[in-house]
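1. what shape does this take:
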Amino acid sequence: MVSPLYAANNMIRRANEQRVSLTNLKMQKLLYILYAKYYFDEKVSLFPDRFEAWQYGPVLTDIYEIFKIEGPEPIVALRPDANGKVLVVAETGPFGMCFDHVWSNYARQSAAYLVGFTHGDYHPEYKTAWRKTVDECGLGAFIKDEDIKKDGEIWFGSGNN
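-> You can find the predicted model right below:
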């Protein structure tokens with residue numbers, strides 16, 4: 001497992017290198033898609049933190065709190081952890097492969113598109129983990145890993161992205 005803050009720092013660094021606009025909302029969706037991809041590929045959780053079902057899709061509350069100061073503006077500065085260290089995850093092995101896949105396929109999408117993606121707007125025949133959680137438990141509830149696994153199967157299985 002890796003720290004979601006370090007993975008967020010990877011995204012910020014890559015966004016700066018490639019001049020991709022990365023807001024808190026967009027980063028939350030990319031972290032969720034990364035988590036689903038990693039879970040699909042490796043059959044284990046990427047982060048120890050759990051996603052919650054918020055109005056605009058899955059959210060890691062601690063990450064939201066760290067970056068909310070940016071409001072709707074793009075995030076450009078990497079953030080230090082509780083020890084004051086600014087760290088990233090080595091982009092090698094399974095993490096690197098999943099990160100590259102998610103970044104190359106989704107980073108240039110708009111935040112609005114990614115919200116629709118995680119809500120299930122583009123797969124109406126399938127109830128995403130976010131939709132299932134909201135329908136069964138309401139906004140603010142934790143999204144179950146078993147449901148996130150299903151998102152990964154739909155999005156990345158059988159020749160899908």
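2. could you pull up the residues touching the most centrally placed residue in the chain?
-> Residue closest to the mean C-alpha point of the chain, counted by Cα atoms, centre = their mean, is Leu31 at 1.6 Å. Applying Cβ atoms under 8 Å, 6 or more residues apart in numbering, we find Leu31 in contact with 4, 7-8, 11, 47, 60, 63. C-betas here are computed from N, CA, C, even on glycine.
3. most neighbours of all these, which one?
-> Ala8 (27 neighbours; other Cβ atoms under 10 Å).
4. and the pLDDT for the residue nearest to the centre of the chain?
-> Looking at Leu31, its pLDDT reads 98.
5. please enumerate the strands of this structure.
-> Taking DSSP state E, the strands of the chain run over residues 52-54, 57-59.
6. which intervals of this protein have sub-threshold pLDDT?
-> 159-161 (pLDDT under 70).
7. in it, which spans are helices?
-> Assigned by DSSP state H, the chain shows helices spanning 4-18, 24-42, 61-67, 93-106, 111-119, 129-137, 145-156.
8. since that was my last question, I'll sign off now.
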